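1. Could you look at this predicted model? Sequence included:
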Amino acid sequence: MHSLKNVQLRLWAAVKATARQDVWSARQTLAVGIVIFIIVLLASPVLVLLLRHIVQTIETFARSIDTSTQKLMAEKQKSDLLLSRMLPLPVLRRLRAQRTVPAEAFDAVTIFFSDIVGFTNISATSTPMEVINMLNMLYKLFDEKIMQYNVYKVETIGDAYMVVSGLPQRNGNRHASEIADMSLSLMRSLEGAKVPHRPQELLRVRAGVNTGPCVAGVVGTTMPRYCLFGDTINTASRMESTGEPMKIHISYTTKKALDEIGNYEIEPRGKLDVAGKGSMETFWLVGKVGGMQDESPRCLRLHDYDQNLLELIIKS
């Protein structure tokens, strides 16, 4: 009996100790849980504010990226448009694709040159800004006019303005008529035009046209230029330099090409000694039978020209 009682007492002590240990562990766990809960409860507003700040920062950054992307695309479109005015579209497509642009021979093209009569004297007696304003006015007018025709502006050097038809995309026998119509339109648009800073002085130009073969290709790598080579270009330049104010001086080859098309009023000038060419028979292009057609339908298409060109460049 006495041994049984001792066993019971030891069991009771063991159970009591175990219970106390379990209670203490439970209290400790509860305390830790309460502390964690309090910490979380206190930290939640901070976490919410921090998360909100992170979200706002991400949104601001995303908007900034979107704005920068739009600006970059706008600048890219501007640069593409400028390039498209410096190089023909087919050539620009090849360069953008990092492909070589081989020189190409053209059997028949028509070249136009013009310059301002007395430009050397005008520039010598005018301020630099007056000269620039005059050229800007003239070139803006010419650029708007030539967009109505199947031609390509090759370059402007000082007061010289060079245009070609028949390249880089061939247009059959239309090159002569396109340049002829363009030349007549340019001359008509300058009738009565005055030098901007000299209202009493007429702004007059000479124009020369020649038809023949040439070679064209891209020259240069840092600043590539689409250049034309051949005697046809030299002869066109001579037609301009030996011409008369407000007249279109054309060669025999251009006259022959226009005769095949018909409906052009051409007057003979006679034999002319041309430097480097000898004696040449040249002519004046004075008009078109029945007058020039109404240009308004073409003009309506000019407003969408740049946008359409940009879309072609972007797709290429």
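-> Noted; the coordinates are in hand.
2. For the rest of this, base every contact and every neighbour count on C-alpha atoms.
-> Will do.
3. What are the boundaries of the helices in the stretch 151-300 of the chain?
-> 174-189, 231-241, 252-261, 296-302 (DSSP state H, counting those that start in this stretch).
4. Lys288: which of those helices is closest?
-> Set against Lys288 and scored by CA to CA, the helices of the stretch 151-300 of the chain come closest in helix 174-189, at 8.2 Å.
5. Point out where this protein drops to low pLDDT.
-> Scanning the chain for pLDDT under 70 picks out the ranges 1-2, 4-5, 7-8, 43, 84-85, 98, 291-316.
6. can you tell me which strand in it is longest?
-> strand 205-219 (DSSP state E).
7. rewinding a little: need the helices of the stretch 151-300 of the chain in TSV (columns: distance to Leu50 and mean neighbour count).
-> What follows is the helices of the stretch 151-300 of the chain, written out as TSV (distance: least, CA to CA, whole Å; neighbours: other CA atoms under 10 Å):
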stretch	distance to Leu50	mean neighbour count
helix 174-189	68	21
helix 231-241	72	22
helix 252-261	78	18
helix 296-302	55	12
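8. Quick check: which of those is nearest to Gln28?
-> Comparing the helices of the stretch 151-300 of the chain by CA to CA, helix 296-302 comes nearest, at 85.0 Å.
9. circling back to that earlier point, to Phe283, which of the helices of the stretch 151-300 of the chain lies closest?
-> The closest of the helices of the stretch 151-300 of the chain to Phe283 is helix 252-261. By CA to CA, the value is 7.0 Å.
10. Quick one: residues in contact with that closest one.
-> The contact list for helix 252-261 (CA atoms under 8 Å, 6 or more residues apart in numbering) reads 110, 173, 176-177, 209-212, 264, 266, 281-283.
11. Just the CA atoms of stretch 79-92, as PDB, please.
-> The C-alpha trace of stretch 79-92 is given here as PDB (Å, rounded to 0.1, in the frame of the first residue of the first chain):
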ATOM      1  CA  SER A  79      14.500  62.200 -89.200                       C
ATOM      2  CA  ASP A  80      12.900  59.700 -91.600                       C
ATOM      3  CA  LEU A  81      11.100  62.500 -93.300                       C
ATOM      4  CA  LEU A  82      14.300  64.600 -93.600                       C
ATOM      5  CA  LEU A  83      16.100  61.600 -95.000                       C
ATOM      6  CA  SER A  84      13.400  60.900 -97.500                       C
ATOM      7  CA  ARG A  85      13.900  64.400 -98.800                       C
ATOM      8  CA  MET A  86      17.700  63.900 -99.100                       C
ATOM      9  CA  LEU A  87      17.500  60.500-100.700                       C
ATOM     10  CA  PRO A  88      15.000  58.800-103.000                       C
ATOM     11  CA  LEU A  89      12.600  56.400-101.300                       C
ATOM     12  CA  PRO A  90      13.900  53.200-103.000                       C
ATOM     13  CA  VAL A  91      17.400  54.200-102.100                       C
ATOM     14  CA  LEU A  92      16.400  55.000 -98.500                       C
END
